[in-house]
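Chemist: prediction below, plus the sequence it came from.
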Amino acid sequence: MSAARQRMTPSEALVETLASHGVRDVFGIVGSAFMDALDILPAAGIRFIPVAHEQGAAHMADGYARVSGRHGVCIAQNGPGVTNFVTGIAAAYWAHSPVVFITPETGSMTLGLGGFQETEQLPIFSKITKYQGHVNNAARMAEIAARCFDRAMLEMGPAQLNIPRDFFYGDIETSIPAPLTIGRGPGDSAALDTAAELLAGAKFPVLLAGGGVIMSEGTADAVALAELLDAPVCCSYLHNDSFPAAHRLWAGPLGYQGSKAAMKLISQADVVLALGTRLGPFGTLPQHGLDYWPKGAKIIQIDADARMLGLVKPISVGIHGDARAAAATLIDRLKPRSLAAHANRGERLARIASEKHAWEDELVGWTHERDPFSLEVAKDSSYMHPRQTLRELEKAMPADAMVSTDIGNICSVANSYLRFDRPRSMFAAMSFGNCGYAFPVICGAKVAAPGRPAIAYVGDGAWGISLNELLTCARERLGVTVVVFNNGQWGAEKKNHVDFYSRRFQAVNLENPSWSGLARAFGCDGVTVERLADVGPALRAAVKSQSEGRTTVLEMMVTKELGDPFRRDALSKPIRHLKKYQDYT
Ligand SMILES: Cc1ncc(C[n+]2csc(CCOP(=O)(O)OP(=O)(O)O)c2C)c(N)n1
Ligand SMILES: [Mg+2]
């Protein structure tokens, strides 16, 4: 459906298209390239949120999209502003976020001459976008802009809108397209029949709830399906919010620093229903010494992206469909049938409860790391143990909190201590794994959901990459809380030096300023926390001040101890052949 054609400028066509697609906020840094459109954003009811770095703008658009389920939008100056987007867009790609990033480029009449701020802007993003729209004629501005919005949602990932900067100007005749809403449906009927057959015969069915459950708003259907089967539910890696943690069937997350209960339960499965997950390779690696993936089980995989089906793990049935619709359809198919899982329900429920208790007890007793390096560095330290700090934060976590987590050792250990009762609550750095993700992402989430408490977990190294967005928090009164784990090191990498490089520490120790003092210099609040008893109260106070638009940095002084490494799978002990390197083994 299109509105009537009208005479307007391409800038007006762009801004009208944003408005017709429900855009209310755009993140970016001002630039001459798009000033003509920027000028009229307020008249369209669109807020432009100026940031400190374009990477931050892309991350904010990502966080905004992840919490709202709507498009996140960012824009930058051609050339350097646009190249600053790259890391943020790559991260959004792997988080499956419908981000539309607008990239004005050098003018069409000088393209290729090497003028000011010129670079080829499409190849740079070609592997980290679901769609690239290039406005090749000013008259097509609305059409191509709208297609970017449609494709970002259809394919759940970033879409680039590339616009030669002279194409913002002129007179065009155009209509403004309405959003195209395309439902995915439950998938192939025969495949759903086979899946229902397998589930009906399963003696130990296990659900693995992935990001697709969240993105399809499918939580209620996943819960109903799990309850019908009385099947335990594991969350896929870094999607701790894909199933309500308070539910009796919740088993916790798989993957790095995940739940042993989840791992032990899925290892016993005869049928796994992987609902809305691509079964990413990193997310199912052995952990805690457990190689838990049930290689003999029948695997039913449901994913909205057909290319993910059977890509990483062998599967018995692949269903190209929407997680929510597929779950609802499976419920319909299973309800009238007799289910093998009902015969041993009592025994299975007891096993679920006991595995959960065992893991919880282990976590309670796991106050600190016990490897030789950790014991040594923590021995004379007056600082807090990271695990105890994470537990105190968990206990003080406000209802309805949104938590983003960064890439680092302590942020990863946090996976064991982050539980959520509603979807769209956890925004981890996902598989792109870039340090510096969590803080800008929570800023974007807060813009989309200003009423929800917003908390970022960040290591001190990653904080150095991302702290510039404190400027944005102060200037725009965003009101978020940043928990910075100050262990004075790039800990996750140092762990590799400990395990593989005979403690030859290189470039991993950090000298930090006072992070709380620095926060105050930015016009935010800063608190240094050194005692466990102060962790909870500090978090509560910081969250309370969010409602006044205050951002607080809580600098947690923690020991240098380190949990299990990230990449045990990818590192090996060094081998040196040349004489001059013989000492480096
Ligand atoms: C942008 C980027 N640079 C480098 C890395 C490699 N890397 C992974 S974890 C890590 C250390 C993180 O240190 P910190 O943020 O202090 O957290 P800690 O591990 O100490 O808890 C680094 C450098 C990365 N993942 N992303
Ligand atoms: Mg650190």
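Modeler: Sure, I can see it. Ligands and ions are numbered 1, 2, ... in the order given.
Chemist: check contacts around the residue in the stretch 251-400 of the chain positioned nearest to ligand 2.
Modeler: Going by CB to the ion, ligand 2 is nearest to Pro386 of the stretch 251-400 of the chain, at 9.6 Å. All C-beta spots, glycine's among them, are computed from the backbone N, C-alpha and C. By CB atoms under 8 Å, 6 or more residues apart in numbering, the residues touching Pro386 are His368, Glu369, Asn409, Ile410, Val413, Phe485, Asn487, Val558, Thr559, Glu561, Gly563.
Chemist: just the strands in the stretch 401-550 of the chain please.
Modeler: Along the stretch 401-550 of the chain, counting by DSSP state E, counting those that start in this stretch, strands occupy 402-405, 426-428, 454-459, 481-486, 525-529.
Chemist: to ligand 1, which of the ones you listed lies closest?
Modeler: Minimum separation from ligand 1 across those (CB to the nearest ligand atom) falls at strand 454-459, 2.1 Å.
Chemist: partner strands of the closest one and their direction?
Modeler: Its sheet considered, strand 454-459 pairs with strand 402-405 (parallel), strand 481-486 (parallel) by DSSP bridges.
Chemist: picking that back up, among the strands of the stretch 401-550 of the chain, show me which one is buried the most.
Modeler: The highest mean neighbour count among the strands of the stretch 401-550 of the chain, using mean count of other CB atoms under 10 Å, belongs to strand 454-459: a mean of 30.
Chemist: for that one, list the C-alpha coordinates in PDB.
Modeler: Extracted C-alpha coordinates of strand 454-459, given in PDB (Å, rounded to 0.1, in the frame of the first residue of the first chain):
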ATOM      1  CA  ALA A 454      19.600  -0.500  32.500                       C
ATOM      2  CA  ILE A 455      22.800  -2.100  33.700                       C
ATOM      3  CA  ALA A 456      26.000  -2.900  31.800                       C
ATOM      4  CA  TYR A 457      28.700  -5.300  33.000                       C
ATOM      5  CA  VAL A 458      32.100  -4.300  31.700                       C
ATOM      6  CA  GLY A 459      35.700  -5.300  32.400                       C
END
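Chemist: let's have the chain start at 6 instead
Modeler: All right, first residue 6 from here; so that's strand 459-464.
Chemist: what about Gly93, distance to Phe106?
Modeler: Going from Gly93 to Phe106 by CB to CB, to the nearest Å gives 8 Å.
Chemist: ligand 2 contacts on the chain?
Modeler: Within the chain, the positions near ligand 2 by CB under 5 Å from the ion are Gly464, Asp465, Gly466, Asn492, Gln494, Gly496.
Chemist: scan these and report the most crowded one.
Modeler: Tallying neighbours with other CB atoms under 10 Å puts Gly464 at the head of the residues of the chain next to ligand 2, with 30 neighbours.
Chemist: next, the contact list for that residue, please.
Modeler: Contact analysis of Gly464 by CB under 8 Å, 6+ apart lists 411-416, 440, 489-490, 492, 495-497.
Chemist: per-residue pLDDT, it?
Modeler: pLDDT recorded at Gly464 is 98.
Chemist: the one 4 residues further on too?
Modeler: Trp468 is assigned a pLDDT of 98 by the prediction.
Chemist: for Pro109, which non-adjacent residue is closest in space?
Modeler: Excluding its sequence neighbours, the residue lying closest to Pro109 (CB to CB, 6 or more residues apart in numbering) is Ala38, at 3.6 Å.
Chemist: pretty sure that neighbour contacts Val87?
Modeler: No. Assessed by CB atoms under 8 Å, Ala38 is found out of contact with Val87, at 9.1 Å.
Chemist: what touches both of these two?
Modeler: Pro109, Glu110.
Chemist: once you drop chain neighbours, what's closest to the one residue in the chain that gets nearest to ligand 2?
Modeler: Relative to ligand 2, the nearest point of the chain is Gly464 (3.9 Å; CB to the ion). Once flanking residues are discounted, Gly464 sits nearest to Gly413: 3.3 Å by CB to CB, 6+ apart.
Chemist: elements contacting the longest helix anywhere in the chain?
Modeler: Taking DSSP state H as the criterion, the chain has its longest helix at helix 350-370. Where contact means 3 or more CB pairs under 8 Å, 6 or more residues apart in numbering; DSSP states H and E, helix 350-370 is packed against strand 255-258, helix 265-272.
Chemist: okay, buried residues for that helix please.
Modeler: Residues Arg353, Arg356, Ile357, Glu360, Lys361, Trp364, Leu368 are the ones in helix 350-370 that count as buried (16 or more other CB atoms under 10 Å).
Chemist: centre of the chain to it, how far?
Modeler: Centre-to-centre, helix 350-370 and its host chain are 28 Å apart (CA atoms, centre = their mean, to the nearest Å).
Chemist: got a list of contacts for stretch 196-210?
Modeler: Here stretch 196-210 makes contact (CB under 8 Å, 6+ apart) with 191, 234, 236, 273-278, 303, 305, 307, 321-324, 326, 331, 334-335, 338-339, 342-346, 348-349, 353.
Chemist: and Phe505, what does it touch?
Modeler: Residues in contact with Phe505 (CB under 8 Å, 6+ apart) are Leu576, Ser577, Lys578, Pro579.
Chemist: got those as TSV, with pLDDT columns?
Modeler: Shown next, in TSV, are the contacts of Phe505 (pLDDT from 0 to 100):
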residue	pLDDT
Leu576	89
Ser577	91
Lys578	92
Pro579	94
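Chemist: close to ligand 1, is stretch 88-107?
Modeler: No. Applying CB under 6 Å from any ligand atom, one finds stretch 88-107 separated from ligand 1 by no less than 6.9 Å.
Chemist: okay, buried residues for that stretch please.
Modeler: 88-90, 92-107.
Chemist: ok, now stretch 142-160?
Modeler: Residues of stretch 142-160 classed as buried by neighbour count (16+ other CB under 10 Å): 143-160.
Chemist: which residues sit against it?
Modeler: With CB under 8 Å, 6+ apart as the test, stretch 142-160 has contacts from 15, 18-19, 21-23, 25-26, 76, 103-105, 135-136, 138-140, 163-166, 168, 171-175, 177-182, 184-185, 187, 310.
Chemist: nearest residue to Ser387 other than its sequence neighbours?
Modeler: Among residues not flanking Ser387 along the chain, Glu535 sits closest, at 7.3 Å (CB to CB, 6+ apart).
Chemist: what's the answer for Asn491, then?
Modeler: Asp465 (4.7 Å).
Chemist: next one: Glu553
Modeler: With CB to CB, 6+ apart as the criterion, Glu553 has its nearest non-adjacent residue at 6.9 Å, and that residue is Gly484.
Chemist: next one: Ala348
Modeler: Nearest to Ala348 is Lys208, by CB to CB, 6+ apart, at 7.7 Å.
Chemist: close to ligand 1: what parts of this structure are there?
Modeler: Counting by CB under 6 Å from any ligand atom, the chain comes close to ligand 1 at 412-415, 438-441, 464-467, 490, 492, 494-498.
Chemist: on that earlier part again, list the buried residues for whichever helix or strand comes after the longest helix of the chain?
Modeler: Next helix or strand after helix 350-370 toward the C-terminus (DSSP states H and E): helix 377-384. Of all the residues in helix 377-384, those buried under the rule 16+ other CB under 10 Å are Phe378, Ser379, Val382, Ala383.
Chemist: no more questions from me, cheers.
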